[in-house]
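Asks: Any chance you could fold what I've pasted below:
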Amino acid sequence: MKEREAKLLAPLVDTLARADAAGTMGFILSILGTEPSGTVRLRIVDRLGRHSDSRVQNALECATVSDPDLMVSLTGLKRLRIQRNEESRDLVKRRMRLRRFHQTSPSDFAVALEDNFYSRGMESPD
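Replies: So this is what the prediction gives:
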């Protein structure tokens, strides 16, 4: 794609993602996988990287480790860090709520179950 066409496509992708990110996510992610223009890929990673959908997280991971454009990789990394920080923040808040609950109504026994399986890495307890 010529750079002039990329300059036209980037704002269109941005508009689609802003208008209905959930509804257009599959389409926009398919563009990310095939788009030769770094400008367009950067816009996609920046815009969709604000959503915690697992498809987006996978696309961010791929962009971070394999995109030929350094800015796309760095933006993907930035978005992944923000998402991971938000996940950690939510986990800490949930644990704080549990602690407050147990302080007001103590119990003798508790079991805490967490999801330790990730899209990359450990897939099962075996």
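
Asks: Would you mind listing the buried residues in the single longest helix found in the chain?
Replies: Using DSSP state H to define each element, the chain has its longest helix at helix 70-104. For helix 70-104, the neighbour count (16 or more other Cβ atoms under 10 Å) marks 72-73, 75-77, 79-80, 83 as buried. C-betas here are computed from N, CA, C, even on glycine.

Asks: how far does it sit from the chain's center?
Replies: Distance of helix 70-104 from the chain centroid (Cα atoms, centre = their mean, to the nearest Å) equals 12 Å.

Asks: could you give the mean pLDDT of it?
Replies: For helix 70-104, the mean pLDDT works out to 91.

Asks: What segments of the protein are helices?
Replies: 3-34, 38-48, 54-66, 70-104.

Asks: Which residues does the shortest one contact?
Replies: Read that as helix 38-48. 1, 3, 6-7, 9-11, 13-14, 17-18, 21, 25, 28-29, 31-32, 35, 56, 59-60, 63, 67-69, 71-72, 75-76, 79 (Cβ atoms under 8 Å, 6 or more residues apart in numbering).

Asks: Using ChimeraX, define a selection of the buried residues within the residues you listed.
Replies: Under the burial definition 16+ other Cβ under 10 Å, those of those that qualify are selected in ChimeraX by:
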select :6,9,10,13,14,17,21,25,28,29,31,32,35,56,59,60,63,67,72,75,76,79
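
Asks: still on that earlier bit, for the helices of the chain, which one sits closest to Val111?
Replies: helix 70-104 (11.7 Å; Cβ to Cβ).

Asks: where does the residue positioned nearest the centre of the chain land on pLDDT?
Replies: Geometric centre of the chain, nearest residue: Gln57, 3.5 Å, by Cα atoms, centre = their mean. Note for Gln57: predicted pLDDT of 91.

Asks: wouldn't it be in contact with Gln83 here?
Replies: Yes: between Gln57 and Gln83 there is a contact at 6.6 Å, judged by Cβ atoms under 8 Å.
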